[in-house]
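Undergrad: What follows is a predicted protein model with its sequence.
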Amino acid sequence: MNSTNLNEKKVMIVDDEPNIIIALEFLLQRAGFVVTKADSGIKALELLETEHPDLLILDVMMPGLTGFEVAARLRNQSRFEHLHIVFLTAKGTERDKAAGYATGADYYIVKPFDNDLLVSTVKEILTYG
Amino acid sequence: MEISTVVFWAILYIAILFFTAWWIERRSGRQQKNLVNNPYIYSLSLAVYCTAWTYFGSVGRASNTGMSFLAVYLGPTLMAPLWFFILRKMVLISKHQRITSIADFISSRFGKSTSLAAIVTLMCVAGIVPYISIQLKAIAFGVDILTDKKYPYFKSNAYFVWDATFWITAAMILFTVLFGTRKIDPNEKHNGLVAAVAFESLVKLVAFWGIGVFVVYGMFDGPGDLFERAAQQNDILQLFTQSVVKNTSVMSWNMLLLLSAFAFLLLPRQFYISVVENNDVQHVNTAMWLLPLYLLLINIFVFPIAIAGKMHFGADIASDSYVLSLPMAGQSHVISLVAFIGGFAAASGMIIVSSIALSIMISNHLIVPLMIQAKWLGMKPDRLGLLLNIRRWSIVSVMLMAYLYLKGVGSSYDLVSVGLISFTAAAQFAPATFIGMYWKGATKSGAIAGLLAGALIWAYCLPLTSMAEAGLFDASFIEHGAFGVHWLKPRALFGLEGMDPVSHAAWWSLLFNFSLFGAVSAFSQPSALTLMQADLFVNIHKYTSGADFDPVKRTARIDDLLHMVRRFLGEKRLLEVLNLYEAQNNKTLKDLKIAEADLINYLETHLAGAIGAASARLMTDSISKEETLTFEEVMLVMEQTQEALRYSRELELKSVALEQVSRSLQDANDQLKALDRLKANFIANVTHELRTPVTSIKSLSKIMLDYRDELSEEKMASYLAILVSESDRIGRLINQVLDIEKLNAEDNQPLSTEPVAIHELIEQLVLGMEPIFKEKNIQCSYQNDAISAQILGHRDRIMQVLVNLVSNATKFCNPEKGTIHIGVFQRDTQLNIQVVDNGRGIPDNAKDMIFGQFAQLNHPKLGKPDGTGLGLYITKQIIQQHNGKITVQDAKGGGAVFTVELPINI
Amino acid sequence: MRDQQPARLIILFIIAVLLFTYPFLSIFDKPGLTFSLPTLYIFFFVVWGLLIALIYGLMKQKK
């Protein structure tokens, strides 16, 4: 795969903080991804019926469904087998990280994040699987 | 009178005494009717209380200080009605425990303590030996007077064969050893000895009456003549009272009554005769009136003889000798000899019984325990002979001590003072003995503390001081106090003056003795054995009526046990004792291998009769296995008494109380744990809430920094606006976290409050928020039905509550056509403040949650409100601080109603 | 009937103590003669004798 392919890749951002979505949207669009947004876990699951993103950036602490719950539901369904999941959360302890990976996440990034690192991580995952 | 006449009659009297004792012993040896086992002999033998002090000393004292001598005989008389309780109880206890002496009695009561027995024994030796020596002196003194001092048989500088007192001592030793150590167990009764003592009491009474009648009717014309003539002389008339020494006499009289009442039961010889040699507890009932009668009879002529002597001799001769000198002056040899024999009887009775009582104590409480501890008793089969020999040598040493004391010190003071010193010593046993018989709480530590304190003060104020006064050593401490400390003056201890030396010493020693005994007992714990002995002493009736129990679980090999008892009691006595046991318990011991507790206890009591309770305990312990007494077992043992019931009830209460304490501790611990979890949660939440705005700020500012050339002016401005609002959010969060910390810190202290007029606050608030209402196009109405109502509270906090509620309402009311209504009204004693908005309202399942930390409701379309999630939590905390409550309901036609209830300040 | 003997003995004890101690004793504690005998001497022996008689009476009553 080369970098041009990445332009067709879709990323969905799930976060209840609008300001963080604004920042993420800017960064990912600028890196050439197609971006969809959801401000809650439930909304994300709804959108996933129609949209088919390659990667999900998931906040954990959200009202309604938490990020962990969303991930667990997705991992139960074979159609989301190839969906990559990256947690982006303020919960930064080792235990939280372990719990995150246990639900089948590809990566776990702690807030506040480094813009460049986040973008390169997304790129790497989408490039190498 | 010739010396040969005196010696002849003295020897004849001693011979009669020996014969009496021998005859009685032979009768009881042949199982004939025991003549001694009757209440009259018992009462007469109790009169061993009357010694040479009574016989010679009382007359001397009466001729100097009037009738104060009578206190010594009235004391026991006054106490006599109480013998029905006290003396009978002492007898019952002693029979049950086979007690051999006053030391044994006290030691038994306090857990068969070896140390207590030794202390009491040493005190008795120190108090009684001088008293014995003065009796020896009295006899020699009598010989001197009868022989007109032609040849001074009593010589202070001659020893042994050249000295009359030595021969008297020797005769006393011989008699005492012969009749006082026939049996190892004093409980087996020395009938011959008791008979001899009773006989001596009869002799001294008859002799004294002989002298009395001779003097009053022979030398004067009856008492009327005597006293009327005496009343002519003013100095003699003064003696017709008790209070010759005006300033001290009242206290001395009372103290003397008390001392003699105690001493009559506690002096070693009195305890020996009245308790140990008692054949039947019912004999006490007779002694209660017969002994006082004896005391009355023997005293009736004391005063007339004293007055007659005073009139006849003036101050010419020592008043102690009137009893002998008057008949001599009256030219009657017969009466003089009768007087001498009476005095001899009085002195010798005391010497014999005292030295037996002392020798039992010395051998049982000093020598045998030492031998047991040093393992000198060895394993030889027969120790009966050894024990008897120890007893015999103890008698010899007591008498020799008395003899040597007489030669060294004794000639310097009179009969009555020495007697009083020993009375005061004996009175020290009163707290431990009497209170120990009725108060179970008395402990060994208490008894030891009391006795040691009493003994110390007694020794310092009486014998030591008397010896110093007699010139035995430096007497400067009497004037100046020991070590020059003035309040240690032995005649004015701690500054107490104006009492005679005996009353003074008795007062202080008994005061400290009683107080320490009680106080230390109250603050110390008795051992299990002491507790059991205490129960036995206090509730002796329970034990004598057959409801016996095994106080201690002990087992021993029967061979060991019998072997040991055989060594001290002898084969014959052991067989008797065992037969008795088999008969009483319907058991056969033949095939028994292991002895159970009841047999061990039974044999221990018989062994105690021979060697004292403490020593018997040591011996049986050495061969038996004792199961450690558990607390439950002690309780079981004590259950038979009311006391135990009370104890167990108290314990039950205590354990319930303990359970409650541990439960409340558990609760407190749980609460602390919960608080700790809450705190950790709170911090995690705060961190999360802080990270969120920081994330936006960091990411967006980096975007602006990195791509400032690409970004439009418009975008830039909107990002900067986000940075400002997120910074505000951090600032708010920090303030509110600080608020919460402050509220938590204040939780434990009362709030500083003032009357607050809600009306004023709301007006101020509405005015302040006017611009915001305008900006958001919100209609705000305010109605107050209780304008004058005030609440007691913290002004700024209440304001904070109102601000929170109203600004929440502005956030959540209808975004297009917002209305807010603030209403205030009074209900009972509560002031209600309502804030009503027309927003979406709050779902029922979230109504409780919104007052928690970081609880925020997301708007389905507008998403997260711009709050910290701590506002309502803080509001609720403040309201609770003010003893109010806050609730939320749905408003009519949608929206939410927050209602705050606060108590009105009246 | 209740056994009154212990109570009677205790009361006797208390009365006897009161009679033979001060201040009561001071009434008779004066030099002087009554029936040709010293007043205090008479008091002591008469009351003493009465006391003995009372104890005797109480103890005999039981039997």
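TA: In hand now; what should we look at?
Undergrad: which stretches of chain A have low pLDDT?
TA: Confidence mapping of chain A against pLDDT under 70 gives the ranges A:1-7, A:129.
Undergrad: what residues does chain B put near chain A?
TA: B:687-688, B:691-700, B:702-703, B:706-707, B:719, B:722, B:725-726, B:856-858, B:863-864 (CB under 8 Å from any CB of the partner chain). All C-beta atoms are positioned from the backbone trio N, CA, C, and that covers glycine.
Undergrad: Of those residues, keep whichever come out buried.
TA: Among these, those classed as buried by 16 or more other CB atoms under 10 Å in any protein chain shown are B:688, B:691-700, B:702-703, B:719, B:722, B:726, B:856-857, B:864.
Undergrad: now, which of those residues lie within strands?
TA: Applying DSSP state E to those, no entry is found in strands.
Undergrad: what's around the residue of the stretch 301-450 of chain B found nearest chain C, how many residues?
TA: Proximity of the stretch 301-450 of chain B to chain C (CB to the nearest CB) peaks at B:F303, 5.8 Å away. B:F303 has 29 neighbours, counted by other CB atoms under 10 Å in any protein chain shown.
Undergrad: That one and C:F44, how far apart?
TA: Remark: distance between B:F303 and C:F44 (CB to CB, to the nearest Å) = 9 Å.
Undergrad: ok, now B:T588?
TA: 62 Å.
Undergrad: do B:A522 as well
TA: 41 Å.
Undergrad: do B:A534 as well
TA: With CB to CB as the criterion, B:A534 and C:F44 are 40 Å apart.
Undergrad: do C:P6 as well
TA: 27 Å.
Undergrad: quick one, which of these two is more surrounded?
TA: Neighbours were counted for C:P6 and for C:F44 using other CB under 10 Å; C:F44 has more, 23 against 12.
Undergrad: Checking the spatially closest residue to that one that is not a sequence neighbour next. Helix, strand or coil?
TA: The shortest distance from C:F44 to any non-neighbouring residue, by CB to CB, 6 or more residues apart in numbering or on different chains, is to B:L70 (5.9 Å). With DSSP: H, G, I helix; E, B strand; the rest coil as the basis, B:L70 sits in helix.
Undergrad: how near is B:L70 to B:F423?
TA: Per CB to CB, B:L70 is found 15 Å from B:F423.
Undergrad: neighbour-wise, which of those two wins?
TA: Ranked by neighbour count (other CB under 10 Å), B:L70 and B:F423 place B:L70 first, with 28 against 25.
Undergrad: so what pLDDT did that one get?
TA: Looking at B:L70, its pLDDT reads 88.
Undergrad: And it, how far from B:Q97?
TA: Distance of B:L70 to B:Q97, computed by CB to CB: 36 Å.
Undergrad: what do you get for B:I740?
TA: Remark: distance between B:I740 and B:Q97 (CB to CB) = 75 Å.
Undergrad: Looking at these two, which one has more neighbours?
TA: For B:I740 and B:Q97, the more surrounded residue by other CB under 10 Å is B:Q97, and the numbers stand at 25 against 17.
Undergrad: And the pLDDT for the more buried one?
TA: Among the per-residue scores, B:Q97 shows a pLDDT of 80.
Undergrad: Excluding chain neighbours, give the residue nearest to it in space.
TA: Nearest residue to B:Q97, sequence neighbours excluded (CB to CB, 6+ apart): B:S108, at 5.3 Å.
Undergrad: For the one you found, give its distance to B:T51.
TA: As judged by CB to CB, B:S108 and B:T51 stand 28 Å apart.
Undergrad: that older thread, my read is that the residue nearest to B:Q97 contacts B:Q533, right?
TA: Yes: using CB atoms under 8 Å, B:S108 is in contact with B:Q533, at 6.0 Å.
Undergrad: Who has more neighbours out of the two?
TA: Between B:S108 and B:Q533, B:S108 has the larger neighbour count (other CB under 10 Å), namely 29 against 26.
Undergrad: in which helix or strand would I find the more buried one?
TA: For B:S108, the enclosing helix or strand under DSSP states H and E is helix B:102-109.
Undergrad: mind listing what's buried in the helix or strand following that helix?
TA: The helix or strand immediately downstream of helix B:102-109 is helix B:114-146, counting by DSSP H and E. Neighbour counts over helix B:114-146 (16+ other CB under 10 Å) mark B:114, B:116-146 as buried.
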